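In: missing the sequence, but the structure's below:
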């Protein structure tokens, strides 16, 4: 049974119990349909071997060897991950383009007695929907940007707002990066661009377009991830609410928030070295000395005062990105954030009042 995909929001409504991705492990790792499990009918080495035989030797031989490998791998899946499935279980299978890999596996599942479906066009049909949503169509949501200098606890504030019922999207969380040269998360590597866009589309689609959506003001890239044009276009048009806090409070917050970096002297030194194109050798040496002697709050203070705050001021001036409201925090401790949350909600209400009643189409802009 061929199942066409016509709308990202309808994926969860399809009458199937589980989505199965039969592509190779590397294809699955790069990106996959949300919720799909990986049951490859050819692993990476087997896929490469069959492809080489197909091109260099014989199409018939490649198909015969491929069929044997698919059968053997299908047998392992039936005796392993699928061994406990009951007779009324309904799987939905896909490969790259809805071809032989998914067709073969779905046929085997059907012979067992399960009512297996095939995604028409495979992963490519799903990716086309994501691409249309994030690259070709205006984003049908009303965004408010949470802005402010480095160390203003904006990401933490987003999640505190979510706990109070606001619609938010944590772009840095989806990108697995904290948005600066110090922002990598070595134990949580960044997804591929396609993987990020799949997660982003899944986060955006359920949101209510009648209510504001709060996102952190980001540059066009978060680490290696580029903001897709539909999102970037909406961010450029969105009103901003600034979070203001004293430099000392921000330095103290960064010292706590980046404890993983201060615990890894090699990573910290490498991150400081990444600022060499922008700072003098004398400044870099001073920062490295602070890191080496463990005066992390002083280091954070100096990094913001001499590097990040001036760059932020220059960027906002160049973009003409004046906030429509400001929320001030005297401290960025858990209690300080909680105390200032009502003021932030008041500022967000000012920004929401400036939004159009519905998202307005706008000429697409490429963030690159």
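Out: Nice, I can see it. Predicted model only: the values in this text are computed from it and were never measured. Residues are numbered from 1 along each chain as shown.
In: can you list the weak-confidence ranges in the chain?
Out: Scanning the chain for pLDDT under 70 picks out the ranges 358-368.
In: Can I take it that residue 93 is in a helix?
Out: No - judged by DSSP: H, G, I helix; E, B strand; the rest coil, residue 93 forms no part of a helix; its state is strand.
In: thought it was touching residue 107?
Out: No - counting by Cβ atoms under 8 Å, residue 93 does not reach residue 107; the two are 9.6 Å apart. Every residue, glycine included, has its C-beta placed from N, CA and C.
In: can you tell me how far residue 278 sits from residue 285?
Out: 15 Å (Cβ to Cβ, to the nearest Å).
In: Surely residue 346 is in a helix?
Out: Yes - according to three-state DSSP, residue 346 belongs to a helix.
In: Let me know the distance separating it from residue 338.
Out: For residue 346, the distance to residue 338 - Cβ to Cβ - is 15 Å.
In: do the same with residue 235
Out: 27 Å.
In: got it, and residue 190?
Out: Residue 190 is 31 Å from residue 338, by Cβ to Cβ.
In: The two: which is more packed in?
Out: Shown here are residue 190 and residue 338; by other Cβ atoms under 10 Å, residue 190 has more neighbours (18 against 10).
In: hang on, isn't that one packed against residue 223?
Out: Yes - Residue 190 is within contact range of residue 223, at 5.2 Å (criterion: Cβ under 8 Å).
In: Spit out the residues that contact these two alike.
Out: 175, 176, 177, 184 (Cβ atoms under 8 Å, 6 or more residues apart in numbering).
In: contacting residues around the second one?
Out: Taking Cβ under 8 Å, 6+ apart as the contact definition, residue 176 lies against 185, 188, 189, 190, 191, 223.
In: Name the nearest of these relative to residue 86.
Out: Distance to residue 86, by Cβ to Cβ, is smallest for residue 191 among these, at 33.8 Å.
In: Distance-wise, check the residue nearest to that closest one when sequence neighbours are not counted relative to residue 83.
Out: Of all residues not flanking residue 191 in the chain, residue 176 sits nearest, at 6.4 Å (Cβ to Cβ, 6 or more residues apart in numbering). Remark: distance between residue 176 and residue 83 (Cβ to Cβ) = 34 Å.
In: With residue 118 instead?
Out: 22 Å.
In: Those two: which has the busier surroundings?
Out: Neighbour count, other Cβ under 10 Å: between residue 118 and residue 83, residue 118 has more, with 22 against 8.
In: following the host helix or strand of the more buried one, which helix or strand comes up?
Out: Take DSSP states H and E as the rule and residue 118 turns out to sit in strand 117-119. Where DSSP H and E defines the elements, the next helix or strand beyond strand 117-119 is helix 122-131.
In: ok, and for that following helix, which residues are buried?
Out: Residues of helix 122-131 classed as buried by neighbour count (16 or more other Cβ atoms under 10 Å): 122, 123, 125, 126, 127, 129, 130, 131.
In: just stretch 93-112 next, same as before
Out: Buried-residue list, stretch 93-112, by 16+ other Cβ under 10 Å: 93-96, 98, 101-106, 108-110.
In: now stretch 16-29
Out: 16, 18, 19, 20, 21, 22, 23, 24, 27, 28.
In: before we move on, could you check phi and psi at the fifth one?
Out: As for residue 21, its main-chain torsions (degrees, to the nearest 10) stand at phi -100, psi 110.
In: contacting residues around it?
Out: 27, 28, 32, 33, 36, 37, 38, 39, 40, 94, 95, 123.
In: Can you name the residues that contact the last one?
Out: Meaning residue 123. Residue 123 sits in contact with 21, 23, 27, 31, 32, 33, 94, 95, 96, 97, where contact means Cβ under 8 Å, 6+ apart.
In: just checking, the second one is part of a helix?
Out: No - the assignment for residue 23 is coil, going by three-state DSSP, so no helix is present there.
In: what residues are up against the closest residue to it other than its chain neighbours?
Out: Among residues not flanking residue 23 along the chain, residue 95 sits closest, at 5.3 Å (Cβ to Cβ, 6+ apart). By Cβ under 8 Å, 6+ apart, the contact set of residue 95 is 21, 22, 23, 41, 101, 102, 122, 123.
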